[in-house]
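J.: heads up, no residue letters with this:
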């Protein structure tokens, strides 16, 4: 049987895609609201891009869930590339909110009541993105909203899928494990000194002295923050909310070391991955900020169609739903390149290009 050659429309299944818009206001007996078509198309486009982000995250998770990762192999380079793609998509999504902003509040009111009790809160794919990145239920603003299966909440099938994903290992946990395996503080690289506590490691002894010496009088408290974040040393002013880092102290020491010595060949890809995760957080915050601004413009302080507090919920999520704040906060502890401690030759060799494994023609 002769195979039918691909055709643009059938390959993309455009008949299904372009026939998937059914404005409620266009139904018999309703008054057609012109901008409802724009509202539907924009949100369908969002969901298609969410599908691609989840597809990229699945690959990234598959790499970091390996027990051993070759920092010189192609996997991490592909992770870096796909994180950059995710961030480019989020940049585009933020721009697409601008298209939705061409709708006026009166245009939206023409069909808003027809949407009740559905809302963007019920986007299963966006909740899966948050969960796979590492946003856990205790950190969510108004966590009770996410446990609803009544009107305004999730349907039972979506609720089950989201709950299952939240119980699986997420990317933050994988990144934490990957950082903890970094071998660059092994005693063999540092002349095999006797080290009882991590804070006594020769690198951290020297680096801490340089960092503290560079603090201003108003920044003096950062020395205690340094000890608490990187070595778990409590201070007299600690409270129940203090020390709530999502990453372990071991992982944060490795991440800071990578950021400090990012110019060494072995660290270049690792640094760019960490930097991309920070950028993902920033772009998702921009997404939430743009939605908050849009909702305030459209409905002011009215209750959301899904029975949330509307703009109030979005503002709380904006403040509370960042995932990689621990990594972003490491900038607090950077010092100028010229003051960086000099590394042992054995470690420099391990961080350089591995030319010994290459054969060059004579």
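T.: Sure thing, it's come through. Fair warning: this is a prediction, and the values are worked out from it, not measured in the lab. Numbering: from 1, shown residues only.

J.: what pLDDT, on average, does whichever strand or helix holds residue 209 get?
T.: Here residue 209, judged by DSSP states H and E, is contained in helix 202-213. Average pLDDT, helix 202-213: 96.

J.: What's the first helix or strand after that helix?
T.: Following helix 202-213 in sequence, per DSSP H and E, is helix 222-231.

J.: For that next one, give the mean pLDDT please.
T.: The model assigns helix 222-231 a mean pLDDT of 96.

J.: Can you give me the buried ones in it?
T.: 222, 225-231 (16 or more other C-beta atoms under 10 Å). For the C-beta atoms, the positions are set from N, CA and C on the backbone; glycine is no exception.

J.: Relative to the whole chain's centre, how far out is it?
T.: 24 Å (C-alpha atoms, centre = their mean, to the nearest Å).

J.: I'd like the next helix or strand past that helix.
T.: Helix 222-231 is succeeded, C-terminally, by helix 249-260 (DSSP H and E).

J.: what mean pLDDT would you report for that following helix?
T.: Mean predicted confidence for helix 249-260 is 98.

J.: and that helix with helix 222-231, angle?
T.: Interaxial angle, helix 249-260 versus helix 222-231 (axes from the mean of the first three to the mean of the last three C-alpha atoms, to 10 degrees): 110 degrees.

J.: so what does helix 249-260 touch, helix or strand wise?
T.: Judged by 3 or more C-beta pairs under 8 Å, 6 or more residues apart in numbering; DSSP states H and E, helix 249-260 is in contact with helix 171-180, helix 202-213, helix 222-231, helix 265-299.

J.: quick one: buried residues of the second one?
T.: Looking back up the chat, that one is helix 202-213. Neighbour-count burial for helix 202-213 [16+ other C-beta under 10 Å]: 203-204, 207-208, 211.

J.: Likewise for the first one?
T.: Using 16+ other C-beta under 10 Å as the burial criterion, the residues of helix 171-180 that qualify are 171-179.

J.: Let me know the helix or strand that residue 95 is in.
T.: Assigned by DSSP H and E, residue 95 falls in helix 74-100.

J.: on contacts alone, who are the packing partners of the helix or strand following that helix?
T.: Next helix or strand after helix 74-100 toward the C-terminus (DSSP H and E): helix 105-109. Counting by 3+ C-beta pairs under 8 Å, 6+ apart, the packing neighbours recorded for helix 105-109 are helix 35-64, helix 265-299.

J.: With respect to residue 108, which of those helices lies nearest?
T.: Smallest distance to residue 108 across the helices and strands packed on helix 105-109 (C-beta to C-beta): 5.0 Å, for helix 265-299.

J.: I'd like the buried residues of helix 222-231 laid out as a markdown table, including distance to residue 120.
T.: Listed next are the buried residues of helix 222-231 as a markdown table, based on distance: C-beta to C-beta, whole Å:
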| residue | distance to residue 120 |
| --- | --- |
| 222 | 40 |
| 225 | 37 |
| 226 | 41 |
| 227 | 43 |
| 228 | 38 |
| 229 | 35 |
| 230 | 39 |
| 231 | 42 |
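
J.: What are the contacting residues of stretch 192-209?
T.: 185, 187, 190, 223, 226-227, 230-231, 233, 249-250, 253, 257, 260, 335, 341, 343 (C-beta atoms under 8 Å, 6 or more residues apart in numbering).

J.: Now do the nearest residue to residue 224 once chain neighbours are set aside against residue 222, distance only.
T.: Nearest non-adjacent residue to residue 224, counting by C-beta to C-beta, 6 or more residues apart in numbering: residue 235, 4.6 Å away. Using C-beta to C-beta, to the nearest Å, residue 235 is found at 12 Å from residue 222.

J.: Check residue 181 too.
T.: From residue 181 to residue 222 the distance is 28 Å (C-beta to C-beta).

J.: Repeat that for residue 263.
T.: Applying C-beta to C-beta, the value for residue 263 to residue 222 is 25 Å.

J.: Quick one: neighbours of the nearest residue to residue 107 once chain neighbours are set aside, just the number.
T.: Leaving aside its sequence neighbours, residue 107 sits nearest to residue 35 (C-beta to C-beta, 6+ apart; 4.1 Å). Per other C-beta atoms under 10 Å, the neighbour tally for residue 35 reads 18.

J.: Now name the helix or strand holding the nearest residue to residue 162 once chain neighbours are set aside.
T.: Spatial nearest neighbour of residue 162, chain neighbours left out: residue 127 (5.0 Å); criterion: C-beta to C-beta, 6+ apart. Residue 127 is located in helix 124-133, with elements delineated by DSSP H and E.

J.: Now the element after that helix, going C-ward?
T.: Next along from helix 124-133, by DSSP H and E: helix 156-166.

J.: What average pLDDT does that next one get?
T.: Mean predicted lDDT for helix 156-166 stands at 93.

J.: and the gap between the closest residue to residue 135 other than its chain neighbours and residue 128?
T.: The shortest distance from residue 135 to any non-neighbouring residue, by C-beta to C-beta, 6+ apart, is to residue 323 (5.3 Å). Distance of residue 323 to residue 128, given as C-beta to C-beta: 14 Å.
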